[in-house]
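Peer 1: Sequence first, then the predicted structure:
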Amino acid sequence: MTDAIHIGPEALPALAALLGRPGTTRVAVLADTNTARLCYHALKPYLPEEHLLIEVPAGEEHKTLATSERVWGELTEHRFDRHSVLVCLGGGVISDLGGFCAALYKRGMRCVVVPTTLLAQVDAAIGGKTGVDFMGYKNHLGVFQLPEAVCIDTSFLSTLDPRELRAGYAEVVKHWLIADADAFAEQRHQGLFVEDWTPVVRESVLVKQRIVEQDPTEKGPRKLLNFGHTVGHALESYLLSQAGRSILHGEAVAAGIICESWLSVQKGLLTERELNQIETFLFSVFEKVQFVTLETQAIAELALQDKKNQGSTINCTLLEGIGRGVYDQPVSVTEIADSLRYYHRL
Ligand SMILES: NC(=O)c1ccc[n+]([C@@H]2O[C@H](COP(=O)([O-])OP(=O)(O)OC[C@H]3O[C@@H](n4cnc5c(N)ncnc54)[C@H](O)[C@@H]3O)[C@@H](O)[C@H]2O)c1
Ligand SMILES: O=C(O)C(=O)C[C@@H](O)[C@H](O)[C@H](O)COP(=O)(O)O
Ligand SMILES: [Zn+2]
C-alpha cells in the first residue's frame, strides 16, 4: 500500500522528510512545461539542493511511450539507480506517466507524487493506476503501482486555469454519485465557489481510498471508480483523434456520467427524477461536449476497448440510486450510441 497520503500544509514538509531519509541516492523531479514554470519554485525548498529536473511537454497528447522513453533516457544518462526517487509534479498526465516510468525503470525505482491539479489531487494521484495512451486508446499500457507517498497541497490550485479546475470537479462529482449521496445533496449547490479546497479534496480522497483498499487491481469494486468512463473515455479518445477538436478528461467524464446515468434509467436502476437532478447539476457547471449525431456510432465502438470488458461484453458501471454505484452491468454498442444520442438532444 501507499506509505502515506499527506494533505494540507504539512504535505511538502513530509516530502522533505521522506527525501532526506538515509538510503535515498538521488532525486529527479518530473514536471511538464507549465508545472516547471508555475509549481517547481514552491517545491524547491523541500528538495535536496542537488536534484535533476526532467521537463516534458504538457498535455494528454504527450502521455505516450515516446515521452516515457525521454524520461527513461534522462534517468539513464544521469545514472539513476533503484534507490533514487522520481517526484512527479503535475496533473494526472504527469502522475500517470511518471508512475509508469518509475515502475518500469530498472523494474522499479521509488516514486512520490505531488499532484498540482484538482483532478490529480482527488483522483489520479491516488490508487496506483499508472500508464500511457496507445494507438488512440486511453491508458492502454500501464501497471498498478502505488507511489511511496502522495503529498497534496491545495495551494498549487491557485494558478490553475478555471477550465482545468472544472474538469477536476467531474471526478469529485463521480465520487459523490457512486458512494456519497449526502455530499451530493449538501455540497453540489456551492459548485466551484469553494473557498478552501482542502476539506473537499480530503473527503474525495477518502472515498477513493476506501474503494481502492478493497480491490487494488480492479477485479471487482474498484470498477465503481470507472463510472462515467466507458462512454467518457470513448468520447475523449474520439475527440482527441480529430484535428482541431479539444476535450479534457474531466469534461468527457462529465458527459459520460450523464450518458451512463441515462443507461441506468433504461435498465430500471435509477429514477427519471434522479437523472434530472444529475443532468441539471452537471449542466450548471459544464458546457455540453460537441459532436454530431453521425459520429455517435464511431464513438460508441471505441468502448469495445474498455478495460472492464470481458470478451465482447462491455461491462459498464451504472447507478442504482444517487450514491450507489453498481459494476459489471453489460451494455451493447447500440445502447451506448443511444445514450450519446440522448445526450446530444439535451
Ligand atoms: N490514474 C488515475 O487513477 C487517473 C484518474 C483520473 C484521471 N487520470 C488521468 O489524468 C489525466 C488528466 O489529468 P489532469 O486533468 O490533471 O490533466 P494534466 O495533467 O494535463 O493537467 C492539466 C493542465 O494543467 C497544467 N497544470 C497542472 N498543474 C497546474 C497548476 N498548479 N497551475 C497551472 N497549470 C497547471 C498542466 O500543465 C496541463 O496543461 C488524464 O490523462 C487522465 O486519464 C488518471
Ligand atoms: O482509479 C480508478 O480506478 C479509476 O477508474 C479512476 C478514473 O477516474 C481514471 O480516469 C482512470 O485512469 C481510468 O482508468 P482506466 O482503467 O479506465 O483506464
Ligand atoms: Zn477519470
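Peer 2: Ah, there it is. Ligands and ions are numbered 1, 2, ... in the order given.
Peer 1: residues from the stretch 1-150 of the chain in reach of ligand 2?
Peer 2: 123, 127, 129, 138, 139 (Cβ under 6 Å from any ligand atom). The C-beta positions use only the backbone N, C-alpha and C, and glycine is treated the same way.
Peer 1: Could I get the phi/psi values of residue 149?
Peer 2: Residue 149 adopts backbone torsions of phi -160, psi 160, taken as degrees, to the nearest 10.
Peer 1: Tell me the confidence at the residue most central in space within the chain?
Peer 2: Nearest to the mean C-alpha position of the chain, by Cα atoms, centre = their mean, lies residue 124 at 3.7 Å. pLDDT, residue 124: 98.
Peer 1: right, and it touches residue 97 too?
Peer 2: No: Residue 124 is beyond contact range of residue 97, at 10.5 Å (criterion: Cβ atoms under 8 Å).
Peer 1: Just the ones in strands from the residues of the stretch 1-150 of the chain next to ligand 2, please.
Peer 2: Within those, residues falling in strands by DSSP state E are 129, 138, 139.
Peer 1: ok, and which of those reach ligand 1?
Peer 2: Within these, those near ligand 1 by Cβ under 6 Å from any ligand atom are 129, 138, 139.
Peer 1: Next, the contact list for the residue nearest to the centre of the chain, please.
Peer 2: Residue 124 makes contacts with 91, 92, 95, 96, 115, 117, as judged by Cβ atoms under 8 Å, 6 or more residues apart in numbering.
Peer 1: Those residues in strands, which ones?
Peer 2: Secondary structure from DSSP E places residue 115 of the contacts of residue 124 in strands.
Peer 1: quick one: which two of the contacts of residue 124 are the most distant?
Peer 2: Of all pairs drawn from these, the widest gap by Cβ to Cβ lies between 96 and 117 and measures 12.0 Å.
Peer 1: where along the chain do the strands fall?
Peer 2: 4-7, 27-32, 52-56, 85-90, 110-115, 129-134, 137-144, 149-152, 314-319, 325-331.
Peer 1: Reformat these as JSON lines; add distance to residue 196 and mean neighbour count.
Peer 2: Below are those laid out as JSON lines (distance: least, Cβ to Cβ, whole Å; neighbours: other Cβ atoms under 10 Å):
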{"stretch": "strand 4-7", "distance to residue 196": "12", "mean neighbour count": "18"}
{"stretch": "strand 27-32", "distance to residue 196": "25", "mean neighbour count": "24"}
{"stretch": "strand 52-56", "distance to residue 196": "30", "mean neighbour count": "19"}
{"stretch": "strand 85-90", "distance to residue 196": "22", "mean neighbour count": "28"}
{"stretch": "strand 110-115", "distance to residue 196": "17", "mean neighbour count": "28"}
{"stretch": "strand 129-134", "distance to residue 196": "28", "mean neighbour count": "22"}
{"stretch": "strand 137-144", "distance to residue 196": "31", "mean neighbour count": "17"}
{"stretch": "strand 149-152", "distance to residue 196": "13", "mean neighbour count": "26"}
{"stretch": "strand 314-319", "distance to residue 196": "29", "mean neighbour count": "24"}
{"stretch": "strand 325-331", "distance to residue 196": "28", "mean neighbour count": "19"}
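Peer 1: With distance to residue 171 and mean pLDDT as added columns, please give the ones you listed in a markdown table.
Peer 2: Listed next are the strands of the chain as a markdown table, based on distance: least, Cβ to Cβ, whole Å; pLDDT from 0 to 100:
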| stretch | distance to residue 171 | mean pLDDT |
| --- | --- | --- |
| strand 4-7 | 16 | 97 |
| strand 27-32 | 19 | 98 |
| strand 52-56 | 23 | 98 |
| strand 85-90 | 16 | 98 |
| strand 110-115 | 12 | 98 |
| strand 129-134 | 13 | 98 |
| strand 137-144 | 14 | 98 |
| strand 149-152 | 14 | 98 |
| strand 314-319 | 14 | 98 |
| strand 325-331 | 14 | 98 |
